[in-house]
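Build me a structure from this.
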Amino acid sequence: MPALPEPLPDATLARRARLPLRPDPVVLEGSLVTLRPLRLPDDVDPLWRISNGQPVRIGPWETGAYDADELVWRWMGSGPFAAPAEMEASLRAIDAGANQLALCVLERGSGELAGFATFMANSPGDLKIELGNIWYSPAAQRHGANTEATYLMLRHAFGLGYRRVEWKCNALNERSRAAALKMGFRFEGIQESHYIVKGRSRDTAWFRILDREWPGVEKAFLARLS
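This is a model prediction of the structure:
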């Protein structure tokens with residue numbers, strides 16, 4: 001019979017008591033983007049305008065008209081939204097989550113909203129947390145916003161003492177899976193029939209970074225960001 005792992009150090013176990021179920025609000029500053037807590041209802045119209053398919057400019061980034069379902073919402077749990085009121089209901093449900101923190105991603109130079117992300121599925125007792133609900137306006141995609149925002153969130157989480165940070169996505173979402181691997185997350189497998197999303201069965205691809213892996217992953221992030 002396999003032996004049980006050795007008990008974790010007291011200092012590691014003590015970190016669990018310091019971490020709240022709902023992550024504390026935080027502002028994270030990078031060179032390209034700033035992350036700050038969602039502000040309702042003020043952020044609803046700006047978030048809707050940058051994700052509804054209309055041409056948009058965000059600081060130096062811009063795009064013409066686009067398919068909002070294809071480029072933003074297809075793999076998300078909600079959207080696209082026909083009107084701001086529909087988006088507000090979705091954002092309020094996310095913001096009300098007892099174990100998550102909703103963040104807006106801003107293009108730093110202009111201070112204009114560019115996307116959205118959350119710390120979610122927080123489990124302080126297990127020292128693990130997930131990055132999720134991540135989307136960006138097509139105007140901000142492929143400019144490094146997601147890479148830097150993810151780095152800032154990872155650095156914050158591991159700095160707080162988490163042992164594991166997760167990334168999960170629809171197994172069919174090839175762009176999200178490729179992004180996770182490119183940023184240093186390790187693929188753990190596919191959980192079949194994990195959710196029902198928008199009336200369809202969803203298989204979920206699981207990725208993670210562990211605290212012991214973070215120094216090497218951070219070094220690779222900094223090389224990319226430089």
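
Next up, the contacts around the nearest residue to Asn52 once chain neighbours are set aside.
Spatial nearest neighbour of Asn52, excluding adjacent residues (CB to CB, 6 or more residues apart in numbering): Ala68 at 5.5 Å. (Glycine included, C-beta is placed from N, CA and C.) Contact partners of Ala68, counting by CB atoms under 8 Å, 6 or more residues apart in numbering, are Ser51, Asn52, Gly53, Gly79, Pro80.

out of those residues, who's nearest Ala89?
The nearest member of the contacts of Ala68 to Ala89, counting by CB to CB, is Gly79 at 11.1 Å.

Do me a favour and get the end-to-end distance for stretch 114-131?
17 Å (CA to CA, to the nearest Å).

ugh, typo on my part, it should be stretch 94-104
With CA to CA as the measure, stretch 94-104 spans 12 Å from end to end.

for that stretch, the distance to its chain's centre please.
When C-alpha coordinates are averaged (CA atoms, centre = their mean, to the nearest Å), stretch 94-104 and its chain have centres 11 Å apart.

got the buried residues for the longest helix seen in the chain?
Identified as the longest helix of the chain according to DSSP state H is helix 145-160. By neighbour count with 16 or more other CB atoms under 10 Å, helix 145-160 contains the buried residues 145-158, 160.

Also stretch 61-80?
For stretch 61-80, by 16+ other CB under 10 Å, it's Trp61, Thr63, Tyr66, Ala68, Leu71, Val72, Trp73, Trp75, Met76, Ser78, Gly79, Pro80.

can you list contacts of the one helix or strand in the chain whose mean pLDDT sits lowest?
Least confident element among the helices and strands of the chain, by mean pLDDT, DSSP states H and E: helix 10-18 (a mean of 95). For helix 10-18, contacts defined as CB under 8 Å, 6+ apart pick out Pro124, Gly125, Asp126, Leu127, Gly161, Arg163.
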